[in-house]
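>>> This is the structure alone, sequence omitted:
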């Protein structure tokens, strides 16, 4: 059993890209679905689809590759972990990798990227950075 489901989710996406998989399947949760939607909006994954019924639901994520066949997701960094939650105020939200990456936050207004959180002037738990 995995204790850090979000960490497992983002590492599965990164590892599947490095071995040139077309898609990756992860156990479904509403949090993972919301994160996957933000990754799709940010251009890191091509599409997402919820499959299955009741207990056996999965989230199928089609990965995105550039023209040379390299994965769009080059790296991820988990910030807030189950053993140590880290929160950021609006003033502490900075661009990731000089604007080439995205910070994903869990805010009172839902899952937001760093730029969306700055526009809406809301802080929250910094889940991870992806580039």
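Received the coordinates, thanks. All figures in this text were calculated on a predicted structure; none of them were measured in a lab. Numbering: from 1, shown residues only.
>>> ok, for the residue nearest the centre of the chain, nearest residue in space, not its chain neighbours?
Nearest to the geometric centre of the chain sits residue 35, at 4.9 Å (C-alpha atoms, centre = their mean). The shortest distance from residue 35 to any non-neighbouring residue, by C-beta to C-beta, 6 or more residues apart in numbering, is to residue 111 (5.8 Å). (C-beta placed from N, C-alpha, C; glycine too.)
>>> mean confidence score for the helix or strand harbouring that neighbour?
Counting by DSSP states H and E, the element that carries residue 111 is strand 110-113. The average of the pLDDT scores along strand 110-113 is 96.
>>> which neighbours does that strand have in its sheet, and in what orientation?
Paired with strand 110-113 in the same sheet, following DSSP bridges, are strand 102-107 (antiparallel).
>>> Mind checking what secondary structure the spatially closest residue to residue 77 that is not a sequence neighbour has?
Of all residues not flanking residue 77 in the chain, residue 129 sits nearest, at 4.6 Å (C-beta to C-beta, 6+ apart). With DSSP: H, G, I helix; E, B strand; the rest coil as the basis, residue 129 sits in strand.
>>> okay, now residue 129: neighbour count?
Residues near residue 129, counting by other C-beta atoms under 10 Å, number 18.
>>> likewise residue 86?
Going by other C-beta under 10 Å, the residues that sit close to residue 86 add up to 11.
>>> Contacts only, for it.
Counting by C-beta atoms under 8 Å, 6 or more residues apart in numbering, residue 86 touches 79, 80, 125, 126.
>>> let's go with 7 Å and repeat that
Residue 86 makes contacts with 79, 80, 126, as judged by C-beta atoms under 7 Å, 6 or more residues apart in numbering.
>>> So which elements touch the host helix or strand of residue 116?
Using DSSP H and E, residue 116 maps to helix 114-120. Where contact means 3 or more C-beta pairs under 7 Å, 6 or more residues apart in numbering; DSSP states H and E, helix 114-120 is packed against strand 102-107.
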